[in-house]
Every structure is written in structure tokens, then in C-alpha cells.
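1. this is a predicted model, with the sequence first.
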Amino acid sequence: MLQPKRQKYRKQFRGSMKGVAGRGVDVEFGEYGLKAMECGWLTARQIEAARRAIVHFTKRAGKTWLRVFPDKPVTKKPAGQGMGGGKGDIDQYVAVIRPGRMLFEIAGIPESEAKEALARAGHKLPFKSKVVTKG
């Protein structure tokens with residue numbers, strides 16, 4: 001699973017997901033990309049599931065770029081635990097995604113295969129996404 005090696009602070013506030021993505025919105029490295037159309041939290045498990053869907057469909061041909069990284073810790077208290085006693089332990093790491101953010105990119109395979117692979121990866125995500133081309 002993807003997670004930061006070290007962080008300055010262990011726990012964070014939840015924050016708000018207002019507005020649209022200002023950076024990471026264009027296809028920079030590959031020829032085709034998967035772009036988020038809604039906001040949400042993308043967990044490390046969801047990123048890995050989408051990446052595996054791409055790798056499985058393309059049979060490891062071409063090159064894939066992952067454009068997001070889960071660096072926000074999300075805490076959770078154990079089941080049956082009462083209120084109080086401080087903030088819970090870190091349960092997982094998420095990437096905060098705003099509309100317009102590029103999630104994955106692919107190059108080196110035919111257009112039809114690339115679009116199908118990215119569409120399959122999009123089915124693993126908790127929000128709407130669309131396949132875009134460079135330019």
C-alpha cells in the first residue's frame with residue numbers, strides 16, 4: 001500500500017473539498033489520462049485496485065504513471081469505543097481529489113486499449129471520472 005515514509009505531524013483535520021483542482025489537471029507524461037470529475041477521498045487500496053486493473057488489461061505493455069499519492073492520514077476509533085479519550089489511531093491514508101485532477105496516465109499502447117484500460121480503472125473509483133487525450 002502507498003503511504004508516506006514520514007510526516008511532520010501524525011494526524012490532520014478532515015478539511016474541506018471546495019473548488020476545483022488548480023494543478024495536476026493536464027496530461028503531462030503519457031498520451032491518455034483518467035481525470036476526476038467529482039471530489040472525494042481516494043484511499044491507497046482504491047489506487048492500487050485501479051492500477052492493477054490497468055496493468056492487467058494492458059498485460060504490462062506501455063508505460064503507466066500514477067499522478068496522485070495518498071498523504072493524508074485518516075483516523076478511526078475501535079468499534080465499541082465510547083466518545084472521549086482523544087483522537088483515534090491512524091486507520092488509512094487518502095489522497096484528496098478535487099474535480100479536474102489527473103489520476104492516471106498511459107502511453108505506448110493503441111488508443112482503443114488505453115481508453116478501455118482507463119475506463120476499467122475508473123470503475124474502481126468512488127467518484128465519476130473520464131478518459132482524456134493529450135492536447
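-> Perfect, I can see it now.

2. now do the longest helix along the chain, average pLDDT.
-> Ranked by residue count under DSSP state H, the longest helix found in the chain is helix 44-58. For helix 44-58, mean pLDDT rounds to 97.

3. please save the CA atoms from stretch 37-47 in PDB.
-> Output of stretch 37-47 as PDB, limited to C-alpha atoms (Å, rounded to 0.1, in the frame of the first residue of the first chain):
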ATOM      1  CA  MET A  37     -15.000  14.800 -12.400                       C
ATOM      2  CA  GLU A  38     -16.100  14.900  -8.800                       C
ATOM      3  CA  CYS A  39     -14.400  15.500  -5.400                       C
ATOM      4  CA  GLY A  40     -13.600  12.800  -2.900                       C
ATOM      5  CA  TRP A  41     -11.100  10.900  -0.900                       C
ATOM      6  CA  LEU A  42      -9.100   8.200  -2.800                       C
ATOM      7  CA  THR A  43      -7.700   5.600  -0.500                       C
ATOM      8  CA  ALA A  44      -4.400   3.700  -1.000                       C
ATOM      9  CA  ARG A  45      -6.400   0.500  -1.600                       C
ATOM     10  CA  GLN A  46      -8.600   2.100  -4.300                       C
ATOM     11  CA  ILE A  47      -5.500   3.500  -6.100                       C
END
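
4. look at Ser112 and tell me its secondary structure.
-> helix (DSSP: H, G, I helix; E, B strand; the rest coil).

5. now do it against Glu31, distance only.
-> 13 Å (C-beta to C-beta, to the nearest Å). Heads up, the C-betas are built off the backbone N, CA and C, glycines and all.

6. please say which of these two ends up with more neighbours.
-> A direct count of neighbours by other C-beta atoms under 10 Å for Ser112 and Glu31 places Glu31 higher, at 17 against 8.

7. let me know the pLDDT of the more buried one.
-> Reported pLDDT for Glu31: 97.

8. burial count for Gly80?
-> Gly80, neighbours per other C-beta under 10 Å, totals 5.

9. ok, now Ala119?
-> Quick note: Ala119 (other C-beta under 10 Å) scores 15 neighbours.

10. angle of the strand or helix carrying it against helix 44-58?
-> Using DSSP states H and E, Ala119 sits within helix 111-122. Counting by axes from the mean of the first three to the mean of the last three C-alpha atoms, to 10 degrees, helix 111-122 points 150 degrees away from the direction of helix 44-58.
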